[in-house]
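Asks: Here's my sequence, what's the structure:
(chains A and B)
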Amino acid sequence: MMNETDLKLFARNVRKETLEIVYKAKASHIGGAFSMVDLLTILYNGILNINPHDPHWKDRDRFLLSKGHACSSLYTTLALTGYFPVKDLQSYGTDGSIYLSHASHKVPGVELSTGSLGHALPVGCGLALAAKRKQENWRVFILVSDGELDEGSNWEAILFAPQHRLDNLVLIVDYNKIQSMGNVKDVIDLHPLREKFLAFNWNVIESDGHDFNQLQKAFSGLPIGGLKPTVIIAHTIKGKGVQFMENKLLWHYKSPSEKEYKEALNLLENLE
Amino acid sequence: MRTAFITKLAELARKDDSIFLIVGDLGFSVVEPFANEFPARFLNAGIAEQNMTGIAAGLAKEGFNVFTYSIGNFPTLRAMEQIRYDVCYHNLNVNIVSVGAGFAYGSLGASHHATEDIGMMRTLPNMRVFSPGDPLEAQLVTEYVANHPGPSYLRIGKAGESLVHKPNQDISIQKIIPVIIKTNSDTAVIATGSILNYAYEYLKENQEKPYDLYSCPTIKPIDKDSLVKLAEKYSQLITLEEHQKSAGFGSMILESFHDLMEKYPDFVLPKIKRIAIPDAFINVSGSQTFLRQQMGLIF
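Replies: Numbers count the residues shown, from 1 in each chain, chains lettered A, B, ... in the order given. This next block holds a predicted model:
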């Protein structure tokens, strides 16, 4: 496991590379891509049991990104972890590129194409069930956005996972409190989210989604046990890392201008 | 037909330990033989078809050859996007089985009438569409999809359908299969699904009708060679299906003939009549036979 300084450095590099590809491709969704960077950083630096040189290694932990629109930071995380060269991402969002601006399973390390919301948790339940039925020990991690918990398919799966004792399944909620058209609490309020999951018979961990010490504790020692799935509710900040993007709905959509790109890059380089 | 399916699936599962059956809390007194014999490869996913289909995709990603099973529109339309994106886009081994094609659940009403499913399923890339006409075809289709990777849709009848073919008859379900061949017929009926039996009985009783009868259990991919042969032999074709006219089986035949005309400039298109549901729902109770008559699915 990396120390906190190295984790911060990795996360900063993910944000810088993500900013660059989103800027060059004139793409969207940088706010949601940045809110989950620290979660990806912890996962890909000591939590997930993976081999970047063998993406299909059969005993690997499976990671599914459900909020496929935020894939820019997943791609950069995968590149910086060694799945493919960082320079390959220069084609992100361009004609003929495998680096689509929604998560694509053609990209090494991406388990499932996503983009329509509410798909990865049911598929993840299928993966976790397969591991159970085959008596294999790998785990399944699924990262969802808060807004996509509006989708009924997620709640079908949230009912299903404890019924089938899928303790090898970990759901991570990137709870940045802003969804496509406004604040989560003003659109479809999720509060009290912890109590909802407890009532559905899940293990619940809440964590600051940007504090590596807290995240380290949250993600270590999974599965927790009790024959239940686990949800990690990660309280995050949309646009985290670039002050003028933080907690701003606009950055769900906006592509940075040249001025904003330079300013954001400068802010990231001077990040603690 | 559902018993024929489950019997065949259990038989296949004895040899192939990747076969996995998921039901959407339906199949009472049908699926138990499989569930009891293969508990580790059986799952009742509950009344949650989107999740069921996502789970099927997950299991298929891990090497299982998955069959999802429910009735009417539930395993198809209810989970349409999971089928399109999770199953078809990833080209996974998920075989969707729906019991109660057409008006098989007649008196249960429009919620249970599977009359748009062919159209929905056949537009999906990678998806193959099967609509067996009798229990023998249902068994052969089940065996075929179990042995051919990729997504497929099996639209089967309910219970008690008669055999149209002879038991153990050697038929190729990928082709358009001759059922009744009279001398000097200039018209052929091509039926898909359990309405085949209606056509079979009708044409047996009405010998004076100069119609030959064919069954087409494989709607997609349609067998182009069979179509060319039919066009050479008959001046008129009648398609018969228990499905909306729009985007259904007859539409598939028309489109396929059109493609053949583009490919072969000399190709002569036979006259084609489509018997199908005329863009309508039905809102009265009735048996399958009654509802077929109401919708004009008769000669």
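Asks: Show me which residues of the stretch 51-200 of chain B are close to chain A?
Replies: Selection of the stretch 51-200 of chain B residues close to chain A by C-beta under 8 Å from any C-beta of the partner chain yields B:51, B:53-64, B:81-82, B:85-86, B:89-90. All C-beta atoms are positioned from the backbone trio N, CA, C, and that covers glycine.
Asks: make it 6 Å
Replies: Contact residues (C-beta under 6 Å from any C-beta of the partner chain) of the stretch 51-200 of chain B with chain A: B:51, B:54-55, B:57-59, B:62, B:81, B:85-86.
Asks: In those residues, find the pair that's most separated.
Replies: Greatest spacing in these, by C-beta to C-beta: B:E62 and B:E81 (21.6 Å).
Asks: Could you check which of the two is surrounded by more residues?
Replies: Higher neighbour count among B:E62 and B:E81: B:E62, with 21 against 13, using other C-beta atoms under 10 Å in any protein chain shown.
Asks: Might one say that that one is in contact with A:L129?
Replies: No - checked against C-beta atoms under 6 Å, the pair B:E62 and A:L129 is beyond contact range at 8.8 Å.
Asks: residue contacts, A:L121?
Replies: With contact taken as C-beta atoms under 6 Å, 6 or more residues apart in numbering or on different chains, A:L121 is in contact with A:142, A:154, A:157.
Asks: who in the stretch 101-250 of chain A is up against chain B?
Replies: Residues of the stretch 101-250 of chain A lying near chain B (C-beta under 6 Å from any C-beta): A:116, A:119, A:122-123, A:125-127, A:130, A:133, A:153, A:156-157, A:160.
Asks: Who wins on neighbours among these?
Replies: Within these, A:V123 tops the neighbour count with 34 neighbours, counted by other C-beta under 10 Å.
Asks: And the contacts of stretch A:218-238?
Replies: Stretch A:218-238 has contacts (C-beta under 6 Å, 6+ apart) with A:31, A:35, A:39, A:42, A:47, A:161-162, A:165-176, A:178, A:193, A:197, A:202-209, A:246-247.
Asks: can you do 7 Å?
Replies: Applying C-beta atoms under 7 Å, 6 or more residues apart in numbering or on different chains, the contact partners of stretch A:218-238 are A:31-32, A:35-36, A:39, A:42, A:47, A:139, A:161-162, A:165-176, A:178, A:193-194, A:197, A:201-210, A:246-248, A:251.
Asks: mind listing which of the residues you listed are in strands?
Replies: Of those, the ones assigned to strands by DSSP state E are A:169-175, A:178, A:203-208.
Asks: and the next element down the chain from the longest strand seen in chain B?
Replies: In terms of residue count, the longest strand belonging to chain B (DSSP E) is strand B:236-244. The helix or strand immediately downstream of strand B:236-244 is helix B:249-263, counting by DSSP states H and E.
Asks: Who are the packing partners of the longest helix along chain A?
Replies: In chain A, with assignment by DSSP state H, the single longest helix is helix A:4-25. Helices and strands touching helix A:4-25, by 3 or more C-beta pairs under 7 Å, 6 or more residues apart in numbering or on different chains; DSSP states H and E, are helix A:30-35, helix A:37-42, helix A:71-81, helix A:212-219, helix A:258-269.
Asks: and the angle from that helix to helix A:71-81?
Replies: 130 degrees (axes from the mean of the first three to the mean of the last three C-alpha atoms, to 10 degrees).
Asks: Now tell me what touches helix A:4-25 from outside.
Replies: So helix A:4-25 is contacted by A:2, A:30, A:33-34, A:37-38, A:40-42, A:45, A:72-73, A:76-77, A:80, A:86, A:89, A:92-94, A:101, A:212-213, A:241, A:255-256, A:261, A:264-265, A:268, A:271 (C-beta under 7 Å, 6+ apart).
Asks: Enumerate the positions of that helix that are buried.
Replies: Across helix A:4-25, burial judged by 16 or more other C-beta atoms under 10 Å in any protein chain shown covers A:7-8, A:10-25.
Asks: quick one: it to chain centroid distance?
Replies: Chain-centre distance of helix A:4-25: 14 Å, with C-alpha atoms, centre = their mean, to the nearest Å.
Asks: Please save the CA atoms from it in PDB.
Replies: What follows is helix A:4-25, C-alpha atoms only, in PDB (Å, rounded to 0.1, in the frame of the first residue of the first chain):
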ATOM      1  CA  GLU A   4      -0.400   9.100   1.900                       C
ATOM      2  CA  THR A   5       2.000  11.400   0.100                       C
ATOM      3  CA  ASP A   6       2.300   9.000  -2.800                       C
ATOM      4  CA  LEU A   7      -1.400   8.500  -2.900                       C
ATOM      5  CA  LYS A   8      -1.900  12.300  -3.100                       C
ATOM      6  CA  LEU A   9       0.700  12.500  -5.900                       C
ATOM      7  CA  PHE A  10      -1.000   9.700  -7.800                       C
ATOM      8  CA  ALA A  11      -4.400  11.400  -7.500                       C
ATOM      9  CA  ARG A  12      -3.000  14.700  -8.600                       C
ATOM     10  CA  ASN A  13      -1.500  13.000 -11.700                       C
ATOM     11  CA  VAL A  14      -4.900  11.400 -12.400                       C
ATOM     12  CA  ARG A  15      -6.600  14.800 -12.200                       C
ATOM     13  CA  LYS A  16      -4.000  16.500 -14.400                       C
ATOM     14  CA  GLU A  17      -4.200  13.800 -17.100                       C
ATOM     15  CA  THR A  18      -8.000  13.800 -16.900                       C
ATOM     16  CA  LEU A  19      -8.100  17.500 -17.200                       C
ATOM     17  CA  GLU A  20      -5.900  17.400 -20.300                       C
ATOM     18  CA  ILE A  21      -7.900  14.700 -22.200                       C
ATOM     19  CA  VAL A  22     -11.300  16.300 -21.300                       C
ATOM     20  CA  TYR A  23     -10.000  19.700 -22.400                       C
ATOM     21  CA  LYS A  24      -8.500  18.400 -25.700                       C
ATOM     22  CA  ALA A  25     -11.600  16.300 -26.500                       C
END
